[in-house]
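Student: Give the three-dimensional model of this entry:
(one chain, ligands or ions: 1)
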Amino acid sequence: MRSNLVAGNWKMCGDNASIEKLVANLKALLPAEPAVDIAVFPPSVYIARVVDGLAGSPVAVGAQNVCEQPNDGAYTGEVSAAMLVDTGCRYVIVGHSERRAMYGDSNERVAQKAKQALAQGLMPIICVGETEAQRDDGSTLEVIAEQLQAVFAVLSAEDMCSIVVAYEPVWAIGTGKTATPSQAQEVHAFIRALFAKKDEPLAKGLRILYGGSVKAANAGELFAQADIDGGLVGGASLDAQEFSAICRAAE
Ligand code: 13P
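Tutor: As a prediction, the model looks like this:
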C-alpha cells in the first residue's frame, strides 16, 4: 500500500521571524501521529533552523534543489546531497518547473540530481509537467514521457523504488487554476503506466503527487483520485492552518 505524502514547498519565501512562527504553528496544528507522511522544504539557508524547530515532530524536512556533482569541490553557490543529509534533510525536490524555466535545469541534469540524492540516501521528488501552450497543442503526455525518459536513462530499478514523482502542470502553479481531478488523474495514471512498463511492483508502490494551486478546498477531491498519492503544495504551505487542513484531507 502506498502511503500519501504532503510536501510543502516554501520556495524563496520567509525570514527568520516568519519561519519561526510557521514552524511553531505547524507543531501546534499537525497531529502527533499523522496517517500521512508530511515534509516541508524551506529555503536552504533556513533548513538547519527548521530541522531543529521540528525535532520530535513527525514532519520531515527537505531541500528545494541539490547539486548534481558527487563530490565536494569548486562549485560556487551549490549545495551537495551529502551536505543536505548532514543538515538533517530526508527529501529533495528536483526538476521543479521554476528551476527548469529559469535556472537551466534540463531533463538530463534533473536526472543526475536525482541520482546524487539517491546516492546519499535522500528521497528525490522529481517534478514533471507541461506548460499551458503544450497542453493546448495536445502534447502533455509526450512532454511528461520525455521528462521521465531522462530519469529512466540514469536511475536503476532499485533507485526508482526510493523516488517520488510530482506532476505539476506549469499553468496551474501559483495561478489559482487547479487541474480538475480528472485532468490530473489522467496524467497520473499515464505516469504510473510508464513506470509499469519498467517494473509492475515498482509502479504500484510509486507515490505520485499532484502540485499546482492545491488548497484545503480542493485537496480532498484531488487526493480521492486513484493515482494521486498526495500533494506538492506551494503558496498554501506557508499558512499552517491551510497546510494542516490539506494534510488532513490526505489522511
Ligand atoms: P502553488 O501551490 O503555489 O500553486 O505552487 C505549486 C508548486 O509549485 C509546488 O512546488
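Student: Tell me where the stretch 1-150 of the chain has strands.
Tutor: All strands of the stretch 1-150 of the chain, identified by DSSP state E, counting those that start in this stretch, fall at 5-9, 37-41, 59-63, 91-94, 123-128.
Student: Packing partners of the first one?
Tutor: Which is strand 5-9. Counting contacts by 3 or more Cβ pairs under 8 Å, 6 or more residues apart in numbering; DSSP states H and E, strand 5-9 is packed against strand 37-41, strand 91-94, strand 164-167, strand 207-211, strand 230-233, helix 240-249. From N, CA and C alone the C-beta is placed, and that goes for glycine too.
Student: same thing but at 6 Å, please
Tutor: Here strand 5-9 touches strand 37-41, strand 230-233, helix 240-249, going by 3 or more Cβ pairs under 6 Å, 6 or more residues apart in numbering; DSSP states H and E.
Student: Put together CSV for the strands of the stretch 1-150 of the chain, with distance to K113, mean pLDDT and mean neighbour count on each row.
Tutor: Putting the strands of the stretch 1-150 of the chain into CSV (distance: least, Cβ to Cβ, whole Å; pLDDT from 0 to 100; neighbours: other Cβ atoms under 10 Å) gives the following:
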stretch, distance to K113, mean pLDDT, mean neighbour count
strand 5-9, 16, 98, 27
strand 37-41, 14, 98, 25
strand 59-63, 11, 98, 23
strand 91-94, 4, 98, 26
strand 123-128, 7, 98, 25
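Student: Relative to the ligand, which of those is closest?
Tutor: strand 5-9 (3.7 Å; Cβ to the nearest ligand atom).
Student: quick check, that closest one touching the ligand?
Tutor: Yes - residues of strand 5-9 contacting the ligand under Cβ under 6 Å from any ligand atom: N9.
Student: Equivalent analysis for stretch 166-186, please.
Tutor: Yes - counting by Cβ under 6 Å from any ligand atom, the ligand is contacted by stretch 166-186 at E168, I173, G174.
Student: With stretch 14-22 instead?
Tutor: No - between stretch 14-22 and the ligand, judged by Cβ under 6 Å from any ligand atom, nothing touches; the nearest distance is 14.0 Å.
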